[in-house]
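A.B. asks: Task: produce atomic coordinates for the following.
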Amino acid sequence: MSLRRYLDLFGFLLAAVTALICQPASAETRVALVIGNSEYRNVPRLANPDNDAAAFARTMEQAGFDVVEARHDLTGAEMRRALRDFGDKARNADMAVIYYAGHGIEVEGTNYLIPIDAALQRDTDVYDEAISLDRVLVAVESAKQLRLVILDACRDNPFDKTMKRVSMRSIGRGLAKVEPTSPNTLIAYAAKAGSTAADGDSKHSPFTAALVRHIATPGLDVRKAFGFVRDDVLKVTNNRQEPYVYGSLGGEDVPLVPAKVVPAVPAAPVADARAEVRRDYELSLQLGTRAAWDTFLKSYPTGFYADLAKGQLDKIAAEDARLAATEKARETADEKARLAAEGAKQADVAKAAAAAKVAEEARVAAEKAKRIEQAKVDAAEQAREAVERAADTSDSKSSAIVSNTPDRSSTQSGAPAPTGTSPAAPTPARQTASRTPPAESVAQPTLSAVDINKSVQAELRRVGCYDGSADGEWGRASRLALEKFNRYADAKVNVRLASLDTLGVIKGKTARVCPLICRHGYKADGDTCTKITCGQGKVLNDDNECVARKERKAPSASRERDNRRPRRAARGRFDDELAPPIAAPRRLPRRASTRPEQGGIVCDDHTCHPVKRGCRIEFRTTAEGGGRLGGGGNVEICN
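C.D. replies: From the prediction side, this is the model:
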């Protein structure tokens, strides 16, 4: 190799080493894989896994995860491919999270996740058609700080009644207990080992509903978050279902979402501290979620704004109670209507009517409590605005007094004042200072365009005008949603971009604005579309109404029907009504024969008839009987 090539190679290696040394350290990365299996092909479908997976994926996106892979209704091959690809993404990540909602099964102490195309006809099929939990753990084992697997899969085994036991393997109830061998690994079950979890009667399972409420709380250790999830699920299920977490972490807190970092700075003036609290309060007010207010109260547990935040939490609790009471009233009313339609016993109908009445009274009481809490919050907000206006006015006056104070240093130094001005007149520098806004106004909350877009999209979803995700991208779907809001709310906000003024107009609407439109077979039920179910003997017509099924009567044969003249196919007239009778065509022999024939059929110009007994058929030409030469036919000859 020549010297020149040696020098070129050395220069290349030096550049590569320099690039590696000077490369900045990668920031902390968090990745998540979310799988929801509902549309099973060989067992009844599950109602909630798709909804649960979508809700958890949105939570991870809002928590700022770098990668969120959301997959639904995967076959066995698709699940293996998804785990393989996610393992590549988790290789250099700090946190890797896998969430699965669907069916799971335990065989011989090993847990398996069930794809939608699995057909477990024998107990040995699980090894070929299901995905073991060990394979899932392999996908997250490369993460550095936290490896988290969440399984909302502790439901009843759907193959239990049809599966053949080939080798008498033990098949457990729910999922089996597992202890991770890798450090910093947690496995969360919707129900503890050996027990089953409820799929839920609402849009989400009890486990996932509590999970999305707590898991992404900023600064909250993941183990404590699962403790809050456990408490909520036990309360909702009346202690029938207890979530459980297996594995361990170190002594330091490991939150999925980092806590808000407050830099160590010198003590700020009182006005600046008040502006910071006010900014955080207004940001929490725009988000309007329970998690946002909980985070605010952790940062500011006492004080004027803390009391306002507690009032906002009371309003959210009242709204949750109202929704639960409304759902209960609807269920009892449907049960009452069903019993009445099916002709149940009078005692059962009366019992259902009483339950419906109690539920309706609870709904009315919850509505009243919600209005009271809303009135309290409105009054508190008015008081807050008055206090802030007074504070702004006070700060403005103080600033004006400071700016109008003469510069004593120049006066005391004996320097002559400029011609045409008085000693008390402010210099241009002081005039600029006097026009500077007060410190409180400078410290107003400065939200980014993405934050404003997300808040407007969330409010449009609340009033029923937007069905997309609050991703902060103001595209065509968001503009159409705002146009829809303008049409139904009789508003005139600018649809080309989102603003705080737009957010205020939408937040002023406390009820649904845009109507809920459901496709055929579904009806509007509050803010959701529910499937219409008709009772026995009834079907759904084109107007979404349940009507009595019309029974088809099979045609019965009768002597009178059989003796009728046959009708021609696809016509409504009889054969003998279509055309006059046509005589059968005459059959001419190939050559004239003088041999008499016995029997047969003979035809004249009008009709055909059998040859009479003792008669015969002979062929006679026209020349013999007169007429045109060359014609002829068969005639009947009787002796």
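A.B. asks: Can I take it that M79 is in a strand?
C.D. replies: No: read with DSSP: H, G, I helix; E, B strand; the rest coil, M79 is helix and lies in no strand.
A.B. asks: I'd guessed it sits against Y112; true?
C.D. replies: No: using Cβ atoms under 8 Å, M79 is not in contact with Y112, being 11.0 Å away. To be clear about C-beta, it is placed using only N, CA and C from the backbone, and glycine gets the same treatment.
A.B. asks: list residues touching both of these two?
C.D. replies: I131 (Cβ atoms under 8 Å, 6 or more residues apart in numbering).
A.B. asks: What ranges does the stretch 451-600 of the chain have for its strands?
C.D. replies: Taking DSSP state E, counting those that start in this stretch, the strands of the stretch 451-600 of the chain run over residues 522-525, 528-531, 538-540, 546-548, 597-598.
A.B. asks: Going by mean pLDDT, which of these comes out lowest?
C.D. replies: Comparing mean pLDDT over these, the weakest stretch is strand 597-598, at a mean of 51.
A.B. asks: buried ones in the helix or strand following that strand?
C.D. replies: Downstream of strand 597-598, the next assigned helix or strand under DSSP states H and E is strand 601-603. For strand 601-603, burial by neighbour count (16 or more other Cβ atoms under 10 Å) applies to 602-603.
A.B. asks: Who does strand 601-603 pair with, and is each partner parallel or antiparallel?
C.D. replies: Partners of strand 601-603 in the sheet, by DSSP bridges, are strand 608-610 (antiparallel).
A.B. asks: And the partner strand, how far out from the chain middle?
C.D. replies: The chain centre lies 83 Å from the centre of strand 608-610; the measure is Cα atoms, centre = their mean, to the nearest Å.
A.B. asks: Can you list the strands that whichever helix or strand comes after it pairs with?
C.D. replies: Under the assignment DSSP H and E, the closest C-terminal helix or strand after strand 608-610 is strand 615-621. Using DSSP bridges, the strands paired with strand 615-621 are strand 597-598 (antiparallel), strand 632-638 (antiparallel).
A.B. asks: Now render those as a markdown table, adding distance to V233.
C.D. replies: Listed next are the strands paired with strand 615-621 as a markdown table, based on distance: least, Cβ to Cβ, whole Å:
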| stretch | distance to V233 |
| --- | --- |
| strand 597-598 | 102 |
| strand 632-638 | 102 |
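A.B. asks: end-to-end on stretch 603-615?
C.D. replies: 14 Å (Cα to Cα, to the nearest Å).
A.B. asks: again, but for stretch 42-49
C.D. replies: End residues of stretch 42-49 are separated by 17 Å (Cα to Cα).
A.B. asks: Quick one: mean pLDDT for that stretch?
C.D. replies: 87.
A.B. asks: Let me know the secondary structure of A362.
C.D. replies: A362 - assigned by three-state DSSP - is helix.
A.B. asks: Count the residues that sit near the closest residue to it other than its chain neighbours.
C.D. replies: Of all residues not flanking A362 in the chain, A325 sits nearest, at 4.8 Å (Cβ to Cβ, 6 or more residues apart in numbering). Residues lying near A325 (other Cβ atoms under 10 Å) number 21.
A.B. asks: Surely A325 is in contact with E361?
C.D. replies: No: A325 lies out of contact with E361 (Cβ under 8 Å); the separation is 9.3 Å.
A.B. asks: export the strands of the stretch 451-600 of the chain to JSON lines and tack on mean neighbour count and distance to R512?
C.D. replies: JSON lines is the format used below for those (neighbours: other Cβ atoms under 10 Å; distance: least, Cβ to Cβ, whole Å):
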{"stretch": "strand 522-525", "mean neighbour count": "13", "distance to R512": "10"}
{"stretch": "strand 528-531", "mean neighbour count": "12", "distance to R512": "11"}
{"stretch": "strand 538-540", "mean neighbour count": "13", "distance to R512": "26"}
{"stretch": "strand 546-548", "mean neighbour count": "12", "distance to R512": "26"}
{"stretch": "strand 597-598", "mean neighbour count": "12", "distance to R512": "96"}
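A.B. asks: Out of those strands, which gets nearest to P301?
C.D. replies: strand 528-531 (36.5 Å; Cβ to Cβ).
A.B. asks: Run through who's touching that closest one.
C.D. replies: Counting by Cβ under 8 Å, 6+ apart, 203, 516, 518-519, 521-523 sit against strand 528-531.
A.B. asks: nearest to G343, of those residues?
C.D. replies: Nearest member of these to G343, counting by Cβ to Cβ, is K523, at 23.3 Å.
A.B. asks: Skipping its backbone neighbours, what lies nearest the closest one in space?
C.D. replies: I532 (5.4 Å).
A.B. asks: if I look at L220, how far off is A390?
C.D. replies: 36 Å (Cβ to Cβ, to the nearest Å).
A.B. asks: So for the two, which sits in the more crowded spot?
C.D. replies: Legend: neighbour count by other Cβ under 10 Å for L220 and A390, higher for L220 (23 against 10).
A.B. asks: wait, what's in contact with the more buried one?
C.D. replies: 214, 255, 257.
A.B. asks: change it to 6 Å
C.D. replies: Residues counted as contacts of L220 (Cβ atoms under 6 Å, 6 or more residues apart in numbering) are P255.
A.B. asks: now G87
C.D. replies: Here G87 is in contact with A139 (Cβ under 6 Å, 6+ apart).
A.B. asks: element containing it?
C.D. replies: Using DSSP H and E, the element containing G87 is helix 76-89.
A.B. asks: How about that helix, which residues are buried there?
C.D. replies: For helix 76-89, using 16+ other Cβ under 10 Å, the buried residues are 76, 79, 82-83, 86-87, 89.
A.B. asks: Check which element follows that helix along the chain.
C.D. replies: Downstream of helix 76-89 (by DSSP H and E), the next one is strand 95-101.
A.B. asks: report the angle between the axes of that next one and helix 76-89?
C.D. replies: 160 degrees (axes from the mean of the first three to the mean of the last three Cα atoms, to 10 degrees).
A.B. asks: chain center to strand 95-101: distance?
C.D. replies: 18 Å.
A.B. asks: Name the residues of the next helix or strand after that strand that come out as buried.
C.D. replies: For strand 95-101, the following helix or strand on the C-terminal side (DSSP H and E) is strand 104-107. For strand 104-107, the neighbour count (16+ other Cβ under 10 Å) marks 104-107 as buried.
A.B. asks: ok, the residues you listed vs V463, which is closest?
C.D. replies: So of these, ranked by how close each gets to V463 (Cβ to Cβ), first place is G104, at 38.4 Å.
A.B. asks: Can you read off the pLDDT for that closest one?
C.D. replies: G104 is given a pLDDT of 89.
A.B. asks: which stretches of the stretch 101-250 of the chain have low pLDDT?
C.D. replies: Filtered on pLDDT under 70, the stretch 101-250 of the chain yields the residue ranges 166-170, 172, 199-201.
A.B. asks: Please repeat the previous calculation with a cut-off of 80.
C.D. replies: Applying pLDDT under 80 to the stretch 101-250 of the chain flags residues 123, 154-157, 160-174, 194, 198-202.
A.B. asks: can you pull out the strands in it?
C.D. replies: 104-107, 110-113, 131-132, 146-152, 185-189, 244-248.
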